[in-house]
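**Student:** Sequence unavailable; structure follows:
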């Protein structure tokens, strides 16, 4: 087979009892039991009424796969090559900030799980472990770096350069978070992790950032954390600024957070090598368009050759395959692996990843697919 | 920034614990805890099966925002100018009768909150504090007066004249309530606040109304209240009567309660300066069209220049922005501020208002908007 | 006003406490408390999964009223004239069998309520009180007779003749019940009321039927009841048989149970004076089309002049008005009055009827209607 | 009448109390009470989020029957003739593996129920009783054999030959299960019945399979069961392989698991005599198209003469009739009879079958149908 769908399934059946939850909803429920409300809600919640989160899921529910039979697909290739980076599965690990709230060594543990599974990690610039620490544990394993486009160009450029030096294979710049969304769970909990210095590792380890401080972070964490937070708001950015960012690195550059077809075109015009159709998992704009709906319009606008990823509500293999069939080159897996970290560190995250790999493989096999790249709209049933 | 979205959010995060509820649903649930069933249901309920209330909300859920990125919108202008009246935010405070059932000094408290926030109040003619008392506490702050078009022209004219004298900037005449709707919660509770004289302050303070009584209100409250209620039924009104009302004042005149495009045209033909697309928060006709759906048709009929506001189901910033994108010049906020009054008087109401301002500001920032007036249908995703 | 909407509402408000439930759902819930499961489920239930019952309601929910304002409708005429019979309201009381299971004198009590309110009763041929007993208590009040088209032509003809003699103003022949539907609640309860002789009064009082028995009913009730039940199955009927029935009476003849436009045309071709678009309240075919949807297609087929009534899911004034706007000349009210009987006999039923009259009147007033007959599709909002 | 709808109904009413559950949901709930979670979930569950199971049901809910009246259908013919096999009702008993987990003599008991009712059984190749044992208890009663297309051609051919020898009237080859789907309930329970030898009877009784083993199954059940499981994965199959299978038997050959119109055409091109539109009851691909939706497209592709059956979500008579009206020649009944076995062996299963027969008969009578074969899209209401 393509990879390990059947083996994982068999291993679970013969284990006599399942070590981990299986359903994504069960992972979330179990994570809620082990985490405090603040951290759990920070991970699980979204903006406003969380209507965008619901819309993301509903867009998957509305689309139905049209399986094909007897396609002779004993060999399947689920790998994807994205701007020079390979993943064994048609998904990558989405950048999630402050994973230390799920698990003490959050970023290191997910980095280890990424390296072990062959599913590249997109490391967040709001991580609790530095670019270099993460690179250390990953060795040669593929990885990308996500950039929150802070309002200090020198710091942004430093992050990019450090990532390039540390062997990250692409820069993913997030454009949908020039300010934080109105996240009602966090506001009700009065919970913002960065205030204690968590999620600030890229900054605290950065020479430019440190040069901005009067004293090292550990001497006054509150001041240092406030300085980090002060770099975030960046509503002045325009597409012309993307030209500047483009010039900072030789690495492929992806723009994450695109929803409008016109923005997708602008991204490529200003030097992006790829885009991620994303609404930040529903954490920024309540009531925003579902990403799967946006994907269809974006792909129609940018044509078949452009590199387009999508995230938001990916929970099962069928979600991955629907996204591929509707035009995505790959998807990103987000919250589920954070629940895996919460329940079992690297091992928990790896279980989540391998379960989704197995589900994706089995489901691809069962719809008659031979490769991730082969899927197109003919695999989606006409609506009735 | 435009105004205070980020600051409010930050203030809540650093407070360590949130003083007020955040989610509109939490405000309502908490208000239900502190109010008696009669007053709570009077505020929260609607006509019949409350199908119109559900439809109002569903119409927002169905429309999805299409955010734009990197629009360089550090400066945002959320203010609106409506027929000479400015609001710092693209919403006003809807007229709600008998706020004294939520909070003893209801109208005074909301007037103070209005003045403090810069979001104009539309004072109800069914208030428990008089036009003049409210004007006193508001000073120069912008305010409008809502007229229940009572069946005694002299009283109606007196209300309008008093409002004009007291510095109210527009008259909003409600046309959807010539009789009360079939409100099942209130009927089950046998609750109608006016019977005890609450909500009668405009009448009891009115020289014309008082001249109709044989003795002052306080000597026989029941008789006086009955006299007030007797002025309400007014099903004989026609659009020609609007010409008469138009002639009573120099102030801008808005007609509230329009749903049909033809009625919108009639309102302007008969002298209205603006309309409010409204189904009275679902309190009058069960099964009526959702206001957001009606707005789209009305705006198409009246053209881009006419002043059109909308209310009904506005709960979050995304609701405000969807309404603007679909053709509203501004929206009205209703029940949520009454819950604020119930929980904390002026401070509670102000918290509700500032939360919605912050949410609206942040959400406008995140969809790439630079001003309330800029939004149009291109910010709404094509349905899929 | 047209009639008593406002007065009823006022009376409830000033009563200090409501004597009866208000919401139709509350009437049903209260009836469930006072009735045994067998009788309650017999009244409340439907065929199979009760999908037809849900569809009936959903069809009302999907259509939205488009109210018009300032129409000068102080005077409203809610009465309807149907083939020579007047009702003060645009609804009649649907034929319901064996009302004795809701209330000992069920048919007499509802007859009294009908006469008192001016809303004609359609007496069932499966009643527990005879045509003549019901006529006695109704005096000159308008009433129709519903015929279950039994498989013994002489009995059917006798019923029709007796109704004509007893002053009933029309014959409503039910065509959707040649056998009983698969009613899962009743089957689970093993409950069929007729087995004990209830619901057999028309038969037991009929000379033709009695001549078929070897001994009077009271001497062996089980045998007599079985003889009644044996007359029901009648799947051999065709439209040609309607010509025969047409010839049995001078009275107007309505065919109840039509859903397909072609059947509506056949009914009129074979002598019907009117039809009732009905799926028997969802009690016969699970998964059948909703009556409001069927109504639209039927009215389009038969043209504007034909007499077309509709039932199924009518609960509130807005339901009545939507049905009128979509082409019905009148509607039938069913289960709700049976719950009224269960809770308070004639007084309970009268309360249900008067509440619906009040709701209908107020809602007609509020949508700007002047008469029941005036409503058309312009009062329904275009779907969005 | 056509068959026994009315009699069954009457028998239940007069029984005074119903021996069995009536609603399909009640059968399932009661089965859940008597079975262990492993077996119950194995029967009741589906792949992934069970979205396909929900879609199957929803597709029935969306389509609405349009009953016709007075069609003179006292005589109804519910029987179907399918490739030479007759069923008294327009459904057959779907192949379900390992019925021994529901009831010790599962396959024998359902075989007896099949013979008693005249509704043919499709015996699974994953049964716990052999082809020959089942044939023994069925005598001359009609039956088909379902083939899991194992990866050992000699075993597959042997199964087919044995079925032909044992009087089975058709071969139904399942093409949607070349690997097991990602069934989350079973994975969470770590439950796979075959590991203990259950469901392996066709293999253990097969001379070819036994010749593959070093020792008889009973000497090392685990090894033997593993050998069975090893024959299942068969992703190399193509439509050309169907030519080979076609050549193995004179019996009619049906292909089960077709969803795409193109696959339906391929099946007939490669020698199939019929197809079963199926998504395996939602057990294989999560998010797959609903079978009723697929049926419409498939029937349009293959034309009116091809033999097309459908399964998935059939619970009530109205489901059967909707499927017929939308193009099916017959349907398959699955999980419900397994619940019948769980609650009462043959008698329970027979009760389930007879209830569905009665419901189907009554509902066909009530929509004016005269035969199963007569129904077409004119019996489905236009969507509104």
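**Tutor:** Received it, and whenever you're ready, just let me know what you need. Small disclaimer: the values here were computed from a predicted structure and weren't measured. Numbers count the residues shown, from 1 in each chain, chains lettered A, B, ... in the order given.

**Student:** near chain D at all, the top helix by length along chain A?
**Tutor:** When chain A is parsed with DSSP state H, its longest helix is helix A:335-366. Yes - Helix A:335-366 reaches chain D (C-beta under 8 Å from any C-beta of the partner chain) through A:358, A:359, A:362, A:363, A:365, A:366. Placement of C-beta: from N, CA and C, glycine included.

**Student:** In these, which residue is surrounded by the most others?
**Tutor:** residue A:366 (33 neighbours; other C-beta atoms under 10 Å in any protein chain shown).

**Student:** what's near enough to touch the residue most central in space within chain A?
**Tutor:** By C-alpha atoms, centre = their mean, chain A has its centre lying nearest to residue A:94, at 1.2 Å. Going by C-beta atoms under 8 Å, 6 or more residues apart in numbering or on different chains, residue A:94 touches A:122, A:281, A:311, A:332, A:333, A:334.

**Student:** if I've got this straight, the second one is in a helix?
**Tutor:** Yes - looking at residue A:281 with DSSP: H, G, I helix; E, B strand; the rest coil, it is inside a helix.

**Student:** Work out the gap between stretch A:173-193 and the centre of the chain.
**Tutor:** 17 Å (C-alpha atoms, centre = their mean, to the nearest Å).

**Student:** Residue A:248: what's it in contact with?
**Tutor:** Contact analysis of residue A:248 by C-beta under 8 Å, 6+ apart lists A:156, A:157, A:160, A:161.

**Student:** and what of residue A:83?
**Tutor:** So residue A:83 contacts A:169, A:170, A:252, A:254, A:273, A:274, A:307 (C-beta under 8 Å, 6+ apart).

**Student:** quick check, nearest of the residues you listed to chain B?
**Tutor:** When these are ranked by distance to chain B (C-beta to the nearest C-beta), residue A:254 comes first, at 13.3 Å.

**Student:** Kindly confirm whether my reading is correct that that closest one touches residue A:170.
**Tutor:** Yes - at 6.0 Å, residue A:254 and residue A:170 qualify as touching, with contact defined as C-beta atoms under 8 Å.

**Student:** Give me the distance between residue A:206 and residue A:228.
**Tutor:** Counting by C-beta to C-beta, to the nearest Å, the gap from residue A:206 to residue A:228 is 10 Å.

**Student:** ok, the two, which is more surrounded?
**Tutor:** Between residue A:206 and residue A:228, residue A:228 has the larger neighbour count (other C-beta under 10 Å), namely 25 against 21.

**Student:** helix or strand for that one, which one?
**Tutor:** Residue A:228 belongs to helix A:221-230 when assigned by DSSP states H and E.

**Student:** Around whichever residue of the stretch 201-350 of chain A sits closest to chain C, how many other residues sit close by?
**Tutor:** The minimum distance from the stretch 201-350 of chain A to chain C, using C-beta to the nearest C-beta, falls at residue A:287 (16.8 Å). Close neighbours of residue A:287, defined as other C-beta under 10 Å, add up to 28.

**Student:** Tell me where chain A has strands.
**Tutor:** A:80-82, A:85-87, A:91-93, A:121-123, A:143-148, A:171-174, A:253-258, A:274-277, A:307-310, A:330-333 (DSSP state E).

**Student:** measure residue A:168 to residue A:85 for me?
**Tutor:** Residue A:168 sits 10 Å away from residue A:85, going by C-beta to C-beta.

**Student:** nope, residue A:354 is what I was after
**Tutor:** In terms of C-beta to C-beta, residue A:354 sits 20 Å off from residue A:85.

**Student:** and the stretch 151-300 of chain A, which residues reach chain D?
**Tutor:** Near chain D, when you scan the stretch 151-300 of chain A using C-beta under 8 Å from any C-beta, you find nothing.

**Student:** Low-confidence ranges, the stretch 151-300 of chain A, go.
**Tutor:** By pLDDT under 70, the stretch 151-300 of chain A contains no weakly predicted segment.

**Student:** Leaving out the residues flanking it, which one is nearest to the residue of it at minimum distance from chain D?
**Tutor:** Among all residues of the stretch 151-300 of chain A, residue A:292 sits closest to chain D, at 11.8 Å; criterion: C-beta to the nearest C-beta. Once flanking residues are discounted, residue A:292 sits nearest to residue A:59: 3.8 Å by C-beta to C-beta, 6 or more residues apart in numbering or on different chains.

**Student:** Just give me the neighbour total for the one you found.
**Tutor:** 25.

**Student:** wait, residue A:84 sits on residue A:142?
**Tutor:** No - applying C-beta under 8 Å, one finds residue A:84 not in contact with residue A:142, separated by 9.2 Å.

**Student:** Mutual contacts of the two, please.
**Tutor:** residue A:169.

**Student:** Compare the two and say which is more crowded by neighbours.
**Tutor:** Neighbours were counted for residue A:84 and for residue A:142 using other C-beta under 10 Å; residue A:142 has more, 22 against 11.

**Student:** pLDDT score assigned to the more buried one?
**Tutor:** What the model reports for residue A:142 is a pLDDT of 98.

**Student:** how close does it get to residue B:221?
**Tutor:** 80 Å.

**Student:** residue contacts, the residue nearest to residue A:19 when sequence neighbours are not counted?
**Tutor:** For residue A:19, ignoring the flanking residues on the chain, the nearest one in space by C-beta to C-beta, 6+ apart is residue A:351 at 7.3 Å. Going by C-beta under 8 Å, 6+ apart, residue A:351 touches A:19, A:20, A:340, A:344.

**Student:** Give me every residue in chain A lying close to chain C.
**Tutor:** Checking chain A against chain C by C-beta under 8 Å from any C-beta, there are no hits.

**Student:** Just the mean pLDDT for the longest helix of chain A, thanks.
**Tutor:** For helix A:335-366, mean pLDDT is 98.

**Student:** And stretch A:46-55, by the same measure?
**Tutor:** Per-residue scores along stretch A:46-55 average to 98.

**Student:** Tell me the span between the first and last residue of that stretch.
**Tutor:** 12 Å (C-alpha to C-alpha, to the nearest Å).

**Student:** Neighbour count for residue A:354 and residue A:85, which is higher?
**Tutor:** residue A:354 (23 against 17).
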